[in-house]
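1. What would the 3D arrangement of this be:
(4 chains)
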There are 2 protein chains.
Amino acid sequence: MKLLEKECTESDPLVCADRILETTPLVMRVIRSEIRSRRPADLSVPQFRVLAFLKRHPGAGVSAIAEHIGITMPTASKLIDGLVNRELIAREASPEDRRRVSLKVTKAGESAWKASRRDLQPKIAGMLANLSPEDIAAISRAMEVLRSVFGQEQDTNGHC
Amino acid sequence: MKLLEKECTESDPLVCADRILETTPLVMRVIRSEIRSRRPADLSVPQFRVLAFLKRHPGAGVSAIAEHIGITMPTASKLIDGLVNRELIAREASPEDRRRVSLKVTKAGESAWKASRRDLQPKIAGMLANLSPEDIAAISRAMEVLRSVFGQEQDTNGHC
DNA sequence: TATTGTTATACTCTATAACTATA
DNA sequence: TATAGTTATAGAGTATAACAATA
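-> Numbering: from 1, shown residues only, chains lettered A, B, ... in the order given. The predicted model follows:
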């Protein structure tokens, strides 16, 4: 249980929920504004996530994206429209089931995703630079736990 | 440094940034959909945050909100319009400087905020219920650290 | 009939640019 | 001239409801 320094009620789920509620929008806003500032690489957060998902699941359809990203099908469909129009992903009818579409990331999409990531990741990392290694490791672990709880997608794409 | 179980590169800021980038949108989406499902209490995340800020800083103006919430003035102005129309906040001209507006939360706004919070917090807490106390405490601490890094507003409203 | 997508419509959040009113 | 805020305009993300096409 470590020390008493901060032992008040930190293991109380309600306190934890409160902090998640306060902190998450702050982090999100930084991510969004950072993404937005990177014109013309210019991928929104949802677009970035669609590309990431599609890189992991080439050939996936609209419903798979909607489900795993956590949006409705019309929303996913429109999001995909935008990416197809910009030729960042390719959409074609599935041969065996012609209701389905098969989506995959194009070369350009791959580049755009990498560019976004190349800018974003060090920016966020830079904001963490002054933290202690212990704090950083704690955040890393907390994110893993949260992902398992909040993520529809149990990916276990083990970084380790 | 604890054990070796997960010791790979967790204290690497880049790895940590990666996880933040992956996890934060997932958490955010749950929060949003949860907020949205609570009709007719029906506060969006930005609205919720404006009310929270205004509770802490009654009499604040549009620019203060914009700055602390992290949005532009027109965005804040419109957001405020919506809340004023619904009579969740009150807007009046500042007596000493008539360019400024003075905003405060109304009774109805207070109720709406509390209702949103009353629903949201236990919902999020419920999702954490199966985690170990250690995990929960770790998330709590991680959120505190992240808030200090990503928050424009250094509130130190010590819950402890 | 059930599934996969898309279209239609509407609302919120967001920004930039241009404007008004006050200091 | 500079500051506080609003209006105009535009675009993305989101949803629900209604629809088409295929199975």
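
2. Check the offset of the host helix or strand of A:Gly82 from the chain's centre.
-> Assigned by DSSP states H and E, A:Gly82 belongs to helix A:73-85. Between the centre of helix A:73-85 and the centre of its chain there are 17 Å (CA atoms, centre = their mean, to the nearest Å).

3. Does the longest helix seen in chain A reach DNA strand C?
-> Ranked by residue count under DSSP state H, the longest helix found in chain A is helix A:13-37. Yes - Helix A:13-37 is in contact with DNA strand C by CB under 7 Å from any atom of the strand, via A:Arg29, A:Ser33, A:Arg36. Glycine gets a C-beta too; all of them are placed from N, C-alpha and C.

4. Which elements pack onto that helix?
-> Counting contacts by 3 or more CB pairs under 8 Å, 6 or more residues apart in numbering or on different chains; DSSP states H and E, helix A:13-37 is packed against helix A:45-56, helix A:107-128, helix B:13-37, helix B:107-127, helix B:133-150.

5. got the residues of chain A near DNA strand C?
-> Proximity of chain A to DNA strand C is confined to A:29, A:33, A:36, A:61-64, A:73-74, A:77-78, A:80-81, A:91, A:94, A:97, A:99-101 under the rule CB under 7 Å from any atom of the strand.

6. Intersect those residues with the contacts of DNA strand D.
-> Restricting the residues of chain A next to DNA strand C to those touching DNA strand D (CB under 7 Å from any atom of the strand) yields A:Pro74, A:Lys78, A:Asp97, A:Arg99.

7. could you dump these to CSV with distance to chain B, neighbour count and pLDDT?
-> Compiled in CSV, those are given as follows (distance: CB to the nearest CB, whole Å; neighbours: other CB atoms under 10 Å in any protein chain shown; pLDDT from 0 to 100):
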residue, distance to chain B, neighbour count, pLDDT
A:Pro74, 15, 10, 97
A:Lys78, 17, 12, 96
A:Asp97, 28, 10, 95
A:Arg99, 27, 7, 96
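
8. which residues sit in contact with the residue of chain A found nearest DNA strand C?
-> Relative to DNA strand C, the nearest point of chain A is A:Gly61 (2.5 Å; CB to the nearest atom of the strand). Shown in contact with A:Gly61 (CB atoms under 8 Å, 6 or more residues apart in numbering or on different chains): A:Ser94, A:Arg100, A:Val101, A:Ser102, A:Leu103.

9. The last one should be in a strand, yeah?
-> Okay, so that is A:Leu103. Yes - the assignment for A:Leu103 by DSSP: H, G, I helix; E, B strand; the rest coil puts it in a strand.

10. List the buried residues of the helix holding A:Gly82.
-> Neighbour counts over helix A:73-85 (16 or more other CB atoms under 10 Å in any protein chain shown) mark A:Ala76, A:Leu79, A:Ile80, A:Leu83, A:Val84 as buried.

11. Can you tell me which of the ones next to DNA strand D among the residues of chain A next to DNA strand C is nearest A:Gly126?
-> Within those, distances to A:Gly126 taken as CB to CB reach their minimum at A:Lys78, with 33.3 Å.

12. Just give the nearest non-adjacent residue to the residue minimising distance to the centre of chain A, would you?
-> For chain A, A:Arg49 is the residue whose C-alpha lies nearest the centre (CA atoms, centre = their mean; 4.8 Å). Excluding its sequence neighbours, the residue lying closest to A:Arg49 (CB to CB, 6 or more residues apart in numbering or on different chains) is A:Ile69, at 5.6 Å.

13. same check, this time on A:Leu131
-> B:Val145 (6.5 Å).

14. neighbours of that neighbour, just the number please.
-> 20 (other CB atoms under 10 Å in any protein chain shown).

15. And A:Ser11, by the same measure?
-> 20.

16. what about chain A, any weak spots by pLDDT?
-> Applying pLDDT under 70 to chain A flags the ranges A:1-8, A:38-41, A:152-160.

17. ok, now which ones touch A:Thr24?
-> Contact partners of A:Thr24, counting by CB under 8 Å, 6+ apart, are B:Thr24, B:Val27, B:Met28, B:Ile31.

18. who wins for neighbours among the residues you listed?
-> B:Thr24 (26 neighbours).

19. That one and DNA strand D, how far apart?
-> Distance, B:Thr24 to DNA strand D, by CB to the nearest atom of the strand, to the nearest Å: 13 Å.

20. Sheet-wise, list the partners of whichever helix or strand comes after the helix holding A:Gly82 with their directions.
-> As assigned by DSSP H and E, the chain's next helix or strand after helix A:73-85 is strand A:89-93. Within its sheet, and counting by DSSP bridges, strand A:89-93 is paired with strand A:101-105 (antiparallel).

21. In CSV, please show the C-alpha coordinates belonging to the partner strand.
-> Coordinates of each C-alpha in strand A:101-105 appear next as CSV, following Å, rounded to 0.1, in the frame of the first residue of the first chain:
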residue,chain,number,x,y,z
VAL,A,101,-17.3,-3.4,-48.0
SER,A,102,-13.7,-4.2,-47.6
LEU,A,103,-11.5,-1.3,-46.4
LYS,A,104,-7.8,-1.0,-46.3
VAL,A,105,-5.3,1.7,-45.7
